[in-house]
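Colleague: Below: sequence and its predicted model.
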Amino acid sequence: MEEAEACCTSIGILVDGSIRCIDDPSSLKKRFGRSYSVSLFVDQHGETTAEQMFTTKFPSAKLVDASCAKRVYLLPTTVSILSIFKTLEAFERDAVVTSFLVGETSLEDVFLRITQQYDYSMGHATTVAGSGAAPSGAAPSGASPRPPDSPSSGAQPHNFAIV
């Protein structure tokens, strides 16, 4: 996925032989990404404190990984990125965390989200609420898939990947 994102100007996602979407990597992440990934690094004595303070400040946070001195949370994109950084900088200043990372949805997350919408037992796509994905391989409302040979802007070379 990282190679496709770095090298291609358009990416198509195929599910059970049908193209579910075609767009540039940033547009796919914007359309189907629904969360920020926040990693907190803490010393062994501050794990509980960091967890309590973070979940109190961000009740919508979902813990997805807890290992040794690292906690990874998902926060919906409705949470202000400024609020996230201000809170984490205050945590770092107060020695609640030793360091932190904030990232956007990865292209792999987008791929997994789109493929999980497909109901393999019934042989058709299902729409996940708020995802913007349309059933039966159609483009989401308000977006039309571009053919692989039509550049999104200007006359740049157009690299295309099907994943």
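Modeller: Looks like it arrived, so ask away. Numbering: from 1, shown residues only.

Colleague: Quick check: which ranges of the protein have low pLDDT?
Modeller: Residue ranges of the chain with pLDDT under 70: 118-163.

Colleague: tell me the centre residue of it?
Modeller: The centroid of the chain falls nearest to residue 105 when counting by Cα atoms, centre = their mean (2.2 Å).

Colleague: Tell me the secondary structure at residue 73.
Modeller: strand (DSSP: H, G, I helix; E, B strand; the rest coil).

Colleague: if I pick it, what's in contact with it?
Modeller: When contacts are counted by Cβ atoms under 8 Å, 6 or more residues apart in numbering, residue 73 touches 37-40, 54, 58, 61-64. To be clear about C-beta, it is placed using only N, CA and C from the backbone, and glycine gets the same treatment.

Colleague: Just the buried ones among those residues, please.
Modeller: 37-40, 54, 58, 61 (16 or more other Cβ atoms under 10 Å).

Colleague: Point out the ones among these that are inside strands.
Modeller: Judged by DSSP state E, the buried ones among the contacts of residue 73 include 37-40 as members of strands.

Colleague: Would you tell me which one of these comes nearest to residue 81?
Modeller: Closest approach to residue 81 among these (Cβ to Cβ): residue 38, at 10.3 Å.

Colleague: Need the nearest residue in space to that closest one, chain neighbours excluded.
Modeller: Nearest residue to residue 38, sequence neighbours excluded (Cβ to Cβ, 6 or more residues apart in numbering): residue 73, at 4.7 Å.
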